[in-house]
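Colleague: Need a 3D model of the following:
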Amino acid sequence: MFEVIVAMFVTILMGTALLRALLMTEDWAGRARLTVIARAIVQRNCDAAVGVTFTGTTAMPAILNYASGSVRSDTGTTQENINVTLNAGSTAMVSGTLTQTVVDEPTPTGLVASLGTLPARRITFQIDYDYHSRHYTWAQAVVRSQDQ
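Modeller: Sure, this is the predicted structure:
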């Protein structure tokens, strides 16, 4: 009888440890998925800033002339939604705020003679979101100068 009780205790202990490890792995996978999605959103916006036509004959593109520090989204809303399936059959939506900061980039003194006064902008995109009561941030900056 004692052996049965010990075997049940060991089984319960092992099951509890296995369940905890499984839950931790699921949490890590969820965080990794959200990080990949956040990076993709920021990269997509950086690519849009670099790829826009920016010549001296056209008006400053909106993505390079956006109000600094303001919340933006390429979907026209004030928040970029991060959709991810966290477990089988259910979809969780984590809402993140995408902020764009635009500042003038100073031209190094040695390049002024060769480049003239071509304006350059440093555009930083930062996405902030909360997942399981923890705050996460991903940011990336690009520098875009005027097309010659």
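
Colleague: how about the strands in the protein?
Modeller: 70-71, 80-87, 90-104, 120-131, 134-145 (DSSP state E).

Colleague: Just name the most buried of these.
Modeller: Counting by mean count of other C-beta atoms under 10 Å, strand 120-131 has the highest mean neighbour count of those, with a mean of 19. C-beta coordinates here come from the backbone N, C-alpha and C atoms, glycine included.

Colleague: among the strands of the chain, which gets the worst mean confidence?
Modeller: Per-segment mean pLDDT for these reaches its minimum on strand 80-87, at a mean of 44.

Colleague: Of the strands of the chain, which is nearest residue 19?
Modeller: strand 80-87 (14.3 Å; C-beta to C-beta).

Colleague: Residue 140 contacts residue 127, correct?
Modeller: No. Assessed by C-beta atoms under 8 Å, residue 140 is found out of contact with residue 127, at 9.4 Å.

Colleague: shared neighbours of these two, anything?
Modeller: The contact sets of residue 140 and residue 127 overlap at residue 42 (C-beta atoms under 8 Å, 6 or more residues apart in numbering).

Colleague: longest helix of the chain?
Modeller: Longest helix in the chain, counting residues (DSSP state H): helix 2-51.
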